[in-house]
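Peer 1: 3D model of this:
(3 chains)
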Amino acid sequence: MEYKKNILDRGFYSRDTSKVARDLLGKVLVKKSGRTAASGIIVETEAYYGPGDPASHAFRGSTPRSSIMFGKAGIAYVYLCYGVYWLLNIVTGEEGVPGAVLIRGLKPLDGIEEMQKRRNISCGRHKLTDGPGKLTIAMDIGYSDNGKDVADPKSDIYILENNPPDESFIIKNTERIGITNGKDRLLRYIAIGL
DNA sequence: GGGAAGATGTTCT
DNA sequence: GAACATCTTCCCT
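Peer 2: Numbering: from 1, shown residues only, chains lettered A, B, ... in the order given. Model (predicted):
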């Protein structure tokens, strides 16, 4: 695979957060761990802003945890949710303006066996990467990936343009999930038909 | 197949 | 000390 040719550059992430969230659907997330590489098609995202978005970590300004959202676009923001699960975000927008896209769902491509081992699935009742906490387990993403540059081909985590481009899926725009504030804006994006 | 609630620990007030 | 961008299990229909 010609990974480096298709990697999304920083310009892609430096745009408006909701546009980045929508355009990330159908793209391919790649995570290398050791000798193996896992990848999956992004099928669900959410956009998070700063001021004016009560659900965002950056709502109250820059804190030790959220300061990364004010930084350079294309940086991975990984944080612990509910003390249990790691969630993967990509910083978006111009430098100094807080914003990030939460990767909520993947469709596994490569390394599926590795994912199953890491998820330790006992029954086939649940899918592999259909939630933000599950996909980080399956992709072996954790706090050590926080602050990595997703737009850098030398990183072991990055996102590719899908090849060949497939724009056949439908994009659905809904309320965000699992939050109590800021539900009025439709900032969750789901790809249907992948 | 779908809804409800407990587990869990870091961060901020 | 309260809040929280979730997952799993259990129980119901």
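Peer 1: in chain A, where is pLDDT below threshold?
Peer 2: Judged against pLDDT under 70, the low-scoring parts of chain A cover residues A:1-5, A:121-126, A:165.
Peer 1: what parts of it come near DNA strand C?
Peer 2: Proximity of chain A to DNA strand C (C-beta under 7 Å from any atom of the strand) is limited to residues A:46, A:48, A:55-57, A:69, A:77, A:81-85, A:87, A:89, A:100, A:102, A:119, A:122, A:126, A:131-134, A:176-181. Bear in mind the C-beta positions are built from the backbone N, C-alpha and C, glycine included.
Peer 1: repeat that with 6 Å
Peer 2: Where proximity means C-beta under 6 Å from any atom of the strand, the interface of chain A facing DNA strand C comprises A:48, A:55-57, A:81-82, A:84-85, A:87, A:89, A:100, A:102, A:126, A:131-134, A:177-181.
Peer 1: other SSEs contacting the lengthiest strand in chain A?
Peer 2: With DSSP state E applied, the strand covering the greatest number of residues in chain A is identified as strand A:36-48. With contacts defined as 3 or more C-beta pairs under 8 Å, 6 or more residues apart in numbering; DSSP states H and E, strand A:36-48 has these neighbours: helix A:17-24, strand A:28-33, strand A:100-110, helix A:112-119, helix A:132-139, strand A:188-192.
Peer 1: compare those and give me the one nearest DNA strand B.
Peer 2: Shortest separation from DNA strand B across those is recorded for helix A:132-139, at 9.7 Å, computed as C-beta to the nearest atom of the strand.
Peer 1: tell me which parts of chain A are close to DNA strand B?
Peer 2: On the criterion C-beta under 6 Å from any atom of the strand, DNA strand B has as its neighbours in chain A the residues A:60, A:63-66, A:80, A:82-84.
Peer 1: and the residue of chain A nearest DNA strand B?
Peer 2: Checked against DNA strand B (C-beta to the nearest atom of the strand), the nearest residue in chain A is residue A:83, 2.1 Å away.
Peer 1: so residue A:154, which state does it fall into?
Peer 2: At residue A:154, secondary structure determined by DSSP: H, G, I helix; E, B strand; the rest coil is coil.
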